[in-house]
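Participant: give me coordinates for this.
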Amino acid sequence: MVTGSRIRRDEFSSIEPITIITADEITQSGFNSATDALQSLGVTGGAGQINNFFGGFVTDGGTGANTLGLRGLGPARTLVLLNGRRLAPAGTRGSLVAADLNVLPTAIVERVEILKAGASSIYGSDAVAGVINILTDTKLRGLTLDAQVNIPEIGAGLDRRVSASFGFGTDRLDLIGSVEYRKRNVIRLRDVDFTDCPVGGALTGEGTEFGSGDSNGFDGTPCFTLDNGGTTINTLGLPTREALSRTTGLPGRFARFIPSAGAGGATPGFLGVDFFSRDTFDPAMQDEELVTPVETFTGFISGSYDLEMLGNAELYGEVLATRRKSSSTLFRQLALDYLQGSLLVPEIFRNGRFLGPNETSSGRNVAARAFIGFGTTDSKQVVDYVRAGAGLRGDFFLPGWRYDAYAGKSWTDGTAEIESFLIDRVATSLDVVRNADGSFSCAAQAAIANCVAAPELNADTIGGRLPQAFRDYILVNTVGKTTFRETTFSIGLDGPLFTLPGGDAQLAVGAEFRKQSIDDTPDDNAIRGNLLGLTASVPTRGSDNVKEVFGELFLPILADRPFFENANISGSVRLTDYASYRSDITFKLSGEWEFVKGVGLRGSFGTSYRAPALSEQFLGETSGFLGSDNDPCDADGFPENAAEFSADDRVRATNCAAVGLDVTTFQQNSSITAINRGGAETGLEAETSKNWSLGAVVTPRISDSLSLNFALDYFDIKVDNGVSSLGGATILDRCFTAVDFDPDAGFCRFVERDANNVLTVTSGFINLSTDIVKGFEFTGRMSTDLLDGRFTLNANITKYTEQSSRLFEDEFLIDANGTLTVPDWVGSFDATYRKGPVLLRYGIEWVDGSSGTFAFEATSSETGLVDADLEQDLRDTLVLEVPDYFLHSMSVQFTVSDRFEATFGVRNLFDTQPPRISASDFQNVTGNAPLYSGYDYTGRQFFMNTTFKF
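Facilitator: Numbering: from 1, shown residues only. Next up is the predicted model:
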């Protein structure tokens, strides 16, 4: 069978467009794992993927997970198979929606087949955007030892893998397996040029020098300011008062201060600071990771045994077992809120009111807040994944018919550890009494014997020089556990029905049952909301099952006739019945017409029906945080001069005034709590989609020495009623920019602002979005004899014509095609030349430069119109467009004998760095590079692979 069909064919052919990557091509390209190869541009077509660049972000599957989504529609809509059977999700935390590519057995992979077309009627609901099928070697004999090392030129991020694969068989028994170990070291921000000094990158006008609009930080450089990469540290927050300025030495009014022993004025011992003159950089910030480390242990075994009965039946089975260890380092700011009247606070500040009561102030007002650079904290993940399956296949009693019965089980057990400050411990440490000797103890010392009092508010404390006993008391390692189970039973029959002019009509029918369950239990402190500044969450628990019956019919209408070298039609249908959702029928029709030998057309139309993943249904209430600058009423979000307010600014200002806030003076000092939860309780429904394609294939038979293969396909995918989760920032924006503002209706019903102006935003998974992706994909291959050798040229080019989406039916579809990290052109090319035992390869990966990003960001989803003034303002202040991006690689492979092969090469031959953009709310950045999997963050790296066969 080929990917995308359950019909057995005499030839390796498919009506659908399928891209194939072989194990040799993976090695020659310098990829050290199947994961890296699958996330390359040649497979993804430029769609952004979750990989090890996302260590500092909350991602589905948790830190360290690597997922794959085709056509920009996300991993939940892309099905990943291993030998034709689905891989269950693996990872940590409750948001577990997709397979983790880290579980794949690189050592035994023979080829990868990529079908970039909907296949829900063949495989089930999650094959909306396409199918990735990883196929293992079934012909291996003997023992093969393989080793590869990738060495980045920067001196960090060493990546090595070793493996042993084996295969043997008898007349009736066949066994093939592998074991492998891979370890990739960390790359930190300090290790590369483009992340060791992130800057704001602001302009002073369109076309001016990058960073010309930046202000220097406290140390006289623009690095790690609050605009990009920095955070407030070594700083004291107080009610607004007079002090001498750190930068000018003149009196002024400030709300932020730094210790300065010789300072005088109205606030002796402190100088006043503003947005750019406060301390924002600690060298420990550069210890955060650009690329997080990973260590994997993988074992795989498959086997079959001829029973010589039950229709020449074959008993078969396979087991995949992996352990993934990953980690991430995070720089932490510690905000200590000293209580009003506390003896820990200098008398001059003791009775002021900086904030009202909060979670660490024991019900009292806050007199002062110390913004402290605590240093780095660690998080670790261990994920164990096992998939075991067995089946029986043989001849059915009808001539030419076969049966296949299968049962499988997948287990995921993940543990996520993270060091966190505990709210209750910080609170008890700040509520103190003075001892007779002048020292301090916790007021709750009698009840909490191990309580350690917070240090006095002074220059050492503000500067992060905290007593070790206090650090150890408030920082605790928290542990969450995730389990995911999937059970599968399936049975299928296939065989010939009758004879047509083009050959035998073939039918495949079958039934499948799948059951999934998830149990994510966060640390008790997370459940109790006791993590200071980190996500709080409750358990995610739920299960679902689906019963399906399916059929596929292949009709070879004509063959070997004038204008009908081949004319085939294929149709498939699937009835899906979820326990949690209604049943539905999906179908697909496809056909091919080869009108002259080597030249033909193909096309397909199909539907999909995707029930929400377990995490989308049952995600336990999870709380995270948005920065205070996300408050739509914060004065920093408005021009200083009200005359410069845009139309949106005026609407926001009016709405903020309606809740009693003056946007010219209001300062939000607290982070915003953002709560997310699953949608099962709020009527979350399944999403539907339509997918059609039309293509031309040209494979002229020119000569025995020259072969040409070209294909051009048009694709069109539309997802309706899409499952999505609104972000807290989106809800706040939609609430406060509403012309018909009502603080208790519309989006505002998800927003709560308490008496202290602390915001909480609640969202969940709902059926909102429409996503449309259209474009063309070209694949070409030319191979010819040249100078007593064989020259081969491959090309894969994707041209997107539309990548649009909207959240609500009453909104306009906004097309992001060609904007930043949503490229409209993507290509991969490679040329190989083999002569005797030597093969030379040169490869190029290409991402088209962006255009239209400014217009896209200035387009109103409510009117579909571009705000020309806003667009120009963005052009005058930011860099959000990037040029074309090329990555070059080359390698040489020596086949010394049938038993030894060596490959040497270099990836990113010209050490091309990612493009540079301004830091803004429009795009996540790492340093000043867009956070995007299509760019290489490692730089030039050398690789060597050796293979020994015995």
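Participant: please give the element, helix or strand, for L236.
Facilitator: Using DSSP states H and E, L236 sits within strand 235-244.
Participant: got the buried residues for that strand?
Facilitator: Under the neighbour-count criterion of 16 or more other CB atoms under 10 Å, strand 235-244 has T235, L236, G237, L238, R241, A243, L244 buried. All C-beta atoms are positioned from the backbone trio N, CA, C, and that covers glycine.
Participant: for F354, see how far away the third one is.
Facilitator: Going back to what we said before, that points to G237. Distance, G237 to F354, by CB to CB, to the nearest Å: 6 Å.
Participant: now swap in F886 and tell me
Facilitator: 52 Å.
Participant: could you check the pLDDT of the residue nearest to the spatial centre of the chain?
Facilitator: Using CA atoms, centre = their mean, the residue of the chain that lies closest to the mean C-alpha position is I50, 2.4 Å off. Reported pLDDT at I50 in the predicted model: 89.
Participant: repeat that for S14.
Facilitator: With respect to pLDDT, S14 scores 61.
Participant: likewise I731?
Facilitator: 85.
Participant: swap in the one 3 residues further on?
Facilitator: R734 is assigned a pLDDT of 81 by the prediction.
Participant: now do the contacts for the residue nearest to the centre of the chain.
Facilitator: Counting by CB atoms under 8 Å, 6 or more residues apart in numbering, I50 touches T59, D60, G61, A65, N66, T67, P75, S933.
Participant: in which helix or strand does the residue in the chain sticking out farthest from the centre reside?
Facilitator: Most distant from the centre of the chain: A436, at 55.9 Å, with distances by CA atoms, centre = their mean. Under the assignment given by DSSP H and E, A436 is not contained in any helix or strand.
Participant: any idea how far Y935 is from it?
Facilitator: 62 Å.
Participant: so which of the contacts of I50 are in strands?
Facilitator: Among those, DSSP state E puts none in strands.
Participant: let's see if you can find the most crowded of these.
Facilitator: Among the contacts of I50, the one with the most neighbours (other CB atoms under 10 Å) is A65, at 31 neighbours.
Participant: that one contacts A99, doesn't it?
Facilitator: No: using CB atoms under 8 Å, A65 is not in contact with A99, being 9.3 Å away.
Participant: what residues are shared contacts of these two?
Facilitator: Shared contacts of A65 and A99, counting by CB under 8 Å, 6+ apart, come down to A90.
Participant: can you point me to the longest helix in the chain?
Facilitator: helix 647-658 (DSSP state H).
Participant: helix or strand next in line after that one, which one?
Facilitator: Following helix 647-658 in sequence, per DSSP H and E, is strand 672-677.
Participant: what is that following strand packed up against?
Facilitator: strand 622-626, helix 728-736, strand 759-786 (3 or more CB pairs under 8 Å, 6 or more residues apart in numbering; DSSP states H and E).
Participant: helices or strands up against the first one?
Facilitator: What that stands for is strand 622-626. strand 536-537, strand 672-677, helix 728-736.
Participant: out of those, flag the one nearest E153.
Facilitator: helix 728-736 (38.4 Å; CB to CB).
Participant: report the distance from the closest one to the chain centre.
Facilitator: Centre-to-centre, helix 728-736 and its host chain are 23 Å apart (CA atoms, centre = their mean, to the nearest Å).
Participant: same check on stretch 66-75?
Facilitator: Using CA atoms, centre = their mean, the offset of stretch 66-75 from its chain centre is 8 Å.
Participant: other residues contacting it?
Facilitator: For stretch 66-75, contacts defined as CB under 8 Å, 6+ apart pick out 35, 38-39, 43-52, 60-61, 76-78, 80, 97-102, 114, 116, 128-130, 132, 715, 717, 719, 771, 773, 803, 822.
Participant: where does this protein have low pLDDT?
Facilitator: Scanning the chain for pLDDT under 70 picks out 1, 8-14, 681-682.
Participant: now do 50
Facilitator: 10-12 (pLDDT under 50).
Participant: what is the longest strand of it by residue count?
Facilitator: Under DSSP E, the chain gives strand 366-395 as its longest strand.
Participant: report the angle between the axes of it and strand 235-244?
Facilitator: Counting by axes from the mean of the first three to the mean of the last three CA atoms, to 10 degrees, strand 366-395 lies at 150 degrees to strand 235-244.
Participant: which ones are touching A657?
Facilitator: With CB under 8 Å, 6+ apart, A657 has these contacts: V663.
Participant: among the helices and strands packed on strand 672-677, which is nearest F300?
Facilitator: Closest among the helices and strands packed on strand 672-677, using CB to CB: strand 759-786, at 29.6 Å.
Participant: reformat the helices and strands packed on strand 622-626 as CSV; add distance to I151 and mean neighbour count.
Facilitator: Below are the helices and strands packed on strand 622-626 laid out as CSV (distance: least, CB to CB, whole Å; neighbours: other CB atoms under 10 Å):
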stretch, distance to I151, mean neighbour count
strand 536-537, 40, 24
strand 672-677, 41, 21
helix 728-736, 41, 20
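Participant: D214 is nearest to which of those?
Facilitator: helix 728-736 (23.9 Å).
Participant: mind saving the C-alpha coords of the longest helix of the chain as CSV?
Facilitator: Written as CSV, here are the backbone C-alpha positions of helix 647-658 (Å, rounded to 0.1, in the frame of the first residue of the first chain):
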residue,chain,number,x,y,z
ALA,A,647,-9.3,56.6,15.9
ASP,A,648,-8.7,53.4,17.8
ASP,A,649,-6.9,55.3,20.6
ARG,A,650,-9.9,57.6,21.0
VAL,A,651,-12.3,54.7,21.2
ARG,A,652,-10.2,53.0,23.8
ALA,A,653,-9.8,56.2,25.8
THR,A,654,-13.6,56.7,25.9
ASN,A,655,-14.2,53.1,27.0
CYS,A,656,-11.5,53.3,29.7
ALA,A,657,-13.1,56.5,31.0
ALA,A,658,-16.4,54.6,31.2
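Participant: compare F886 and F354 (neighbour count), which wins?
Facilitator: More crowded of F886 and F354, by other CB under 10 Å: F354, with 20 against 14.
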